[in-house]
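> Sequence plus the predicted model coming up.
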Protein chains: 4
Amino acid sequence: MRVGLLTGGGDVPGLNAAIRAVVKRGEGEHGHSIVGFRNGWRGVVDGDVLPLTRQHIRNVLPVGGTLLGTARYHPRAEDGGIDAVLATLEQERIEALICIGGDGTLHAASVVAEAGVRIVAIPKTIDNDVFGTDQSIGFDTAVWIATEAIDRLHTTAESHNRVMVVEVMGHHAGWIAVTAGIAGGAEVVLTPEEPFDIEKIVKYLKHRHRSHASFSIVVVAEGAVPAEGSDMPYLPPVGKFGEIVAGAIGERVKMEIEQRTGFDARLTVLGHVQRGGTPTPVDRILGSRFGVAAIDAITRGESNVMTALRGEDIKLVPLPEIAGKIKHVPADLLEVARALA
Amino acid sequence: MRVGLLTGGGDVPGLNAAIRAVVKRGEGEHGHSIVGFRNGWRGVVDGDVLPLTRQHIRNVLPVGGTLLGTARYHPRAEDGGIDAVLATLEQERIEALICIGGDGTLHAASVVAEAGVRIVAIPKTIDNDVFGTDQSIGFDTAVWIATEAIDRLHTTAESHNRVMVVEVMGHHAGWIAVTAGIAGGAEVVLTPEEPFDIEKIVKYLKHRHRSHASFSIVVVAEGAVPAEGSDMPYLPPVGKFGEIVAGAIGERVKMEIEQRTGFDARLTVLGHVQRGGTPTPVDRILGSRFGVAAIDAITRGESNVMTALRGEDIKLVPLPEIAGKIKHVPADLLEVARALA
Amino acid sequence: MRVGLLTGGGDVPGLNAAIRAVVKRGEGEHGHSIVGFRNGWRGVVDGDVLPLTRQHIRNVLPVGGTLLGTARYHPRAEDGGIDAVLATLEQERIEALICIGGDGTLHAASVVAEAGVRIVAIPKTIDNDVFGTDQSIGFDTAVWIATEAIDRLHTTAESHNRVMVVEVMGHHAGWIAVTAGIAGGAEVVLTPEEPFDIEKIVKYLKHRHRSHASFSIVVVAEGAVPAEGSDMPYLPPVGKFGEIVAGAIGERVKMEIEQRTGFDARLTVLGHVQRGGTPTPVDRILGSRFGVAAIDAITRGESNVMTALRGEDIKLVPLPEIAGKIKHVPADLLEVARALA
Amino acid sequence: MRVGLLTGGGDVPGLNAAIRAVVKRGEGEHGHSIVGFRNGWRGVVDGDVLPLTRQHIRNVLPVGGTLLGTARYHPRAEDGGIDAVLATLEQERIEALICIGGDGTLHAASVVAEAGVRIVAIPKTIDNDVFGTDQSIGFDTAVWIATEAIDRLHTTAESHNRVMVVEVMGHHAGWIAVTAGIAGGAEVVLTPEEPFDIEKIVKYLKHRHRSHASFSIVVVAEGAVPAEGSDMPYLPPVGKFGEIVAGAIGERVKMEIEQRTGFDARLTVLGHVQRGGTPTPVDRILGSRFGVAAIDAITRGESNVMTALRGEDIKLVPLPEIAGKIKHVPADLLEVARALA
């Protein structure tokens, strides 16, 4: 059986672990040929293939990024993208497709599956907001990097009596902000889940600095927004792929705090470093398990499903069930962040 | 309300996160006084107390070990230990007790609970074998350290054409061996769950080195044992606390491989470094969540229960339900380790 | 003997190692009393003292920042600062002073020394531009952090076919940019030492992306400037302490590259994370050696000198000799960065 | 010009940086062809070549080990090794040779140079004991790893009131023990430079634990030996390459401390993890600078010399001048380790 494989959307650490697992398990256990497509759906449309053997996946386990490359393009019926995908799959005699990606890639996967292609998807996203799975590839490493950065900012904040504002990723959900905030001991965590009132934050910081501390750490998800009716009007600026412009809300929060408290405040925008470097063991293991589960599912004839972590188990979830849904940070985790501030 | 707090058994990274959470939440939300006992149950028996306030927990979040100290002693009815515990609790006017520990500590907690003390327990163990919870405090950091070590050994193994044997912790269950083995790309993983046949391993290594590779990584849990009937008789040597003697099985496996293959083999025993240093974000968050859940449960009047991670949620599990049980590595995870070798 | 101790200027990792060494050696070997001043020269002027004993320095070796706090204030004769310093020293019966700091602190130290105070200085600076010493405390950790960040950006750059621009610290000298650039394998390194021609860089990137690569890493020191006569006019914006505004030149370089090449370019500003977190062994050892050498020199009666690393040795250098001088990156190191691009 | 390149002796992190620099600079600046030999001198004798181009060195900068492989074999005139080397060089039309290695490799390089081959050597060794250079490739990473391990052991030692003995590399010189000992805040450091009196150490530990602390870290170089006349007779066991058997002195020191103090003591033998993994920036930069300097020197016609770090500069040192000499830890560094215990 010839199985196609692609990685789409933003790159995250752990993609190579999943690619390696698909190839090793696919070749070794099932005797499949694995055909990689370069740069996500772009490569399927263009017929840009890279046949993958054990040789290609040597030493990739600890390497971040994706050896297949990736792109943010997604095929649509309207622009002939779906037809081009079907044409390439036929020409390359691909019988099934494994798609590793986030929201956009998973949506496209479902559309292509409904056009008759056997597809199993694997969720990856720094933001951890893919519905239906406890965790997606890349999230654990991003939290690790963000926590390390907060640890670093902690000592410099304390030495200088400063408010350090750290903007982390998280457009629709505040997973990185909340978890790295808890792990790093942040005083304030701002998320898309809970629109914030800048005056309450300012009051809290003033109280804290008056009573016992001379510094604070404020973690801001890039998708955090002020509550309606609060006196800090704000419209998040949006880039060409619909992504939030990095640094925008962080800069605004820093300015407001500085002006309203008179404290010395500094902004750090973590940005792309959150995506890179060697994956944590958790992401390598999650990628490996998802890869094995995906190629096993494909072989059994499953389609239009996504591998998912549920507790200690790997399950399959129908793609249509998760379409258009966002996995938000649950209330009890938000409460822990607040309780330990 | 006066709430006692102790950490027992071997130290792990993340204990201070749990202590900090109990104190912050206990003081801040519930208005309790938290009284720490030094060196586990030893301190309860001896009345060795350390009243804990917000001052004591400043900056402990990223610090490994336990600020309360710990010991392997557990009170028994037979030697008057339980009576001594009850006497101290009465004298110190402690109304409830939070015990952070592994098998031994949890067992003692249940015994003390049944003697009428309100107790909530928090599971911690490098080995991750506490039943009833997806994960225990300390495990994620240990896997991180073991994976980093395997990554390091990988490059030196490859440069020298060697078989590197790495012994990791795991007495009754092979969690570290299997997860770090998958994350580090080990060729062979030996666990207590699956008694091994040294001849099969030797055959596999010979085949591998003949066909395409000139080095291999073999990860051995300290509690791994040869299969009955295999031609490598072995009785694991045991120390004074019933613990496996470090390096024993690793040295034996290394010798057998060297003698049976003629390959150059080297042993690394990770030992105590697996226990130490700054906790990963996962362990800091798990410790924080368990700490908050434990003090909330105590306040609600719960007793003889343990906090547990189940998927994305924190639950309470009755201590008697988990007594005497070991959480083994499930078959599908062992299969992933094997599939990706 | 009562010896005063202060840390001034921006905080860096390794300050606590120096403080610890001064206290341990001062108390243990020489029988001195060490008196810390809070927040640099500010604390001397205000008489804000913290008597330092072995108790204060427990466990500080691996901790970043400075337990004494720091500030950018420097005393001047004109505003009565020098008189205030002398008054405090007399009142506290301080017979000698150890000052740990960068350019500003060292200059102030020399002025105070010339007013009759026995002073030994210890150089610290992220930028590594203090003249007269091979290395200053904090530099090695900053290079470590910047290199780790470049490693991370490397995998994401490669996965997305992007130009990643990274702005690192370095106002008057490009030490971090050059060393992290070499260590991280950057394609282009821009420094204050060599004003750059944006057209030459653009040409090189175009050539590179046409011939064999689809991504590039460009490291920019915050003090990098375009060459006169090049077609990219630029005046670096300056903050209230004379410091370069973070992100300014990086943003500009990123924009120019994007517009002139059409490649997808992204900016990362490392900022304050370069200052923080646990110091590398090199910075802990340098801080320890400088601390021991400073208190030994003070005890021998030296004054108006700075501890300096020269090859493998610690030497003393007269402060007036280094005043107003900048240690630039030597030509051969710039050449290595260029040769390996 | 065709230039041969080999890496000999034990692998260390940073070798790939040097290989990469030789290839990039050799091809790019000088137009040479670089021919690698596999597995050190073994590959020269056997004619086992790997022509190296820019393709081979992609992405190797952050990778530990050596892409050329290495071995401990050294050619001798007596067994025809030198003749075999000359024959291979002639057959492959190699005009000059760059040898990266430690004592053994450098000695062989000098012998081959005296047989008429143009040779430039680059020093690498974990132990940092190559004479004539401030530092050798691999040392900084080893210190980093050993310090991280000591940091980890620190928290577990403190939690359990234990004496942790850590054996690190260092056969003839105690560089890793002294520097990681200072960086990690060890209480006792044992080196080959200063034969130790176990009774004095025991007395110190007893005093320490009686007065203010309940734990201690003892760092032991593998080549540490008891002083003559002390009551702990000891002959270090030696392996087949003349290397010290790992763990031997560490185990002995641990036992003696345990028996003479009654304290709970544990041994950690760092072993091969000290050799592996991604090199620190310092080792990447040192490897890069040495590589550029070596190929430049070869091109200028230099021979029988070694690249050396002297302060901030790279110099060339005649190989015969360093033959048979060991660079020991200087007295002032040993004094700092003692002062800060």
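Sure thing, it's come through. Numbers count the residues shown, from 1 in each chain, chains lettered A, B, ... in the order given.
> thought A:P320 was touching A:N304?
Yes: with contact defined as C-beta atoms under 8 Å, A:P320 reaches A:N304; the gap is 6.9 Å. C-beta here means a position set from N, CA and C on the backbone, and glycine is covered the same way.
> any residues in contact with both of these two?
A:S110 (C-beta atoms under 8 Å, 6 or more residues apart in numbering or on different chains).
> now the helices: where do they sit in chain A?
Chain-ordered helices for chain A, with DSSP state H as the definition, fall at A:15-28, A:41-46, A:81-91, A:103-114, A:139-160, A:175-184, A:198-211, A:248-261, A:281-300, A:319-322, A:331-339.
> Can you lay out these as CSV showing mean neighbour count, distance to chain C and mean pLDDT?
Putting the helices of chain A into CSV (neighbours: other C-beta atoms under 10 Å in any protein chain shown; distance: least, C-beta to the nearest C-beta, whole Å; pLDDT from 0 to 100) gives the following:
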stretch, mean neighbour count, distance to chain C, mean pLDDT
helix A:15-28, 25, 8, 97
helix A:41-46, 23, 11, 96
helix A:81-91, 17, 20, 96
helix A:103-114, 22, 14, 94
helix A:139-160, 26, 3, 94
helix A:175-184, 30, 11, 98
helix A:198-211, 15, 14, 94
helix A:248-261, 19, 10, 95
helix A:281-300, 26, 13, 98
helix A:319-322, 18, 24, 95
helix A:331-339, 18, 21, 96
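> Out of these, which is closest to chain D?
Among the helices of chain A, helix A:15-28 comes nearest to chain D, with 12.4 Å by C-beta to the nearest C-beta.
> Say whether chain B is contacted by the closest one.
Yes: remark: helix A:15-28 sits within contact range of chain B at A:R20, A:A21, A:K24, A:R25, A:G28, by C-beta under 8 Å from any C-beta of the partner chain.
> can I see the domain layout of chain A?
With domains defined by automatic domain parsing, chain A comprises A:2-138+A:279-322, A:141-276.
> quick one: the last one near chain D?
No: residues of domain A:141-276 are not located near chain D by C-beta under 8 Å from any C-beta, the shortest gap being 11.8 Å.
> about what we covered before: tell me which of the helices of chain A sits nearest to D:G229.
Set against D:G229 and scored by C-beta to C-beta, the helices of chain A come closest in helix A:139-160, at 47.6 Å.
> Mind giving me the packing neighbours of the closest one?
strand A:163-168, helix A:175-184, strand A:216-221, helix A:281-300, helix B:281-300 (3 or more C-beta pairs under 8 Å, 6 or more residues apart in numbering or on different chains; DSSP states H and E).
> on contacts alone, who are the packing partners of the first one?
Here strand A:163-168 is seen to pack against helix A:139-160, helix A:175-184, strand A:216-221, helix A:248-261, strand A:265-269 when contacts are counted using 3+ C-beta pairs under 8 Å, 6+ apart.
> Format the ones you listed as JSON lines; extra columns: distance to D:E90.
Shown next, in JSON lines, are the helices and strands packed on strand A:163-168 (distance: least, C-beta to C-beta, whole Å):
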{"stretch": "helix A:139-160", "distance to D:E90": "52"}
{"stretch": "helix A:175-184", "distance to D:E90": "61"}
{"stretch": "strand A:216-221", "distance to D:E90": "66"}
{"stretch": "helix A:248-261", "distance to D:E90": "65"}
{"stretch": "strand A:265-269", "distance to D:E90": "59"}
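> and of these, who's closest to C:S33?
Per C-beta to C-beta, nearest to C:S33 of these: helix A:139-160, 23.8 Å.
> That closest one vs helix C:15-28, what angle?
50 degrees (axes from the mean of the first three to the mean of the last three C-alpha atoms, to 10 degrees).
> got the CA coordinates for helix A:139-160 in CSV?
In CSV, the C-alpha atoms belonging to helix A:139-160 read as follows (Å, rounded to 0.1, in the frame of the first residue of the first chain):
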residue,chain,number,x,y,z
PHE,A,139,2.3,22.1,23.1
ASP,A,140,4.5,20.6,25.8
THR,A,141,7.7,21.9,24.3
ALA,A,142,6.1,25.4,23.9
VAL,A,143,5.2,25.4,27.6
TRP,A,144,8.7,24.2,28.5
ILE,A,145,10.2,27.1,26.5
ALA,A,146,7.8,29.7,27.9
THR,A,147,8.4,28.5,31.5
GLU,A,148,12.2,28.7,31.0
ALA,A,149,11.8,32.2,29.8
ILE,A,150,9.6,33.2,32.8
ASP,A,151,12.2,31.7,35.1
ARG,A,152,14.8,33.9,33.5
LEU,A,153,12.7,37.0,33.7
HIS,A,154,11.9,36.3,37.3
THR,A,155,15.5,36.9,38.5
THR,A,156,15.9,40.0,36.5
ALA,A,157,12.5,41.4,37.6
GLU,A,158,13.4,40.8,41.2
SER,A,159,16.8,42.5,40.8
HIS,A,160,15.3,45.6,39.3
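> Among the helices and strands packed on strand A:163-168, which comes closest to D:I217?
Of the helices and strands packed on strand A:163-168, nearest to D:I217 by C-beta to C-beta is helix A:139-160, at 22.9 Å.
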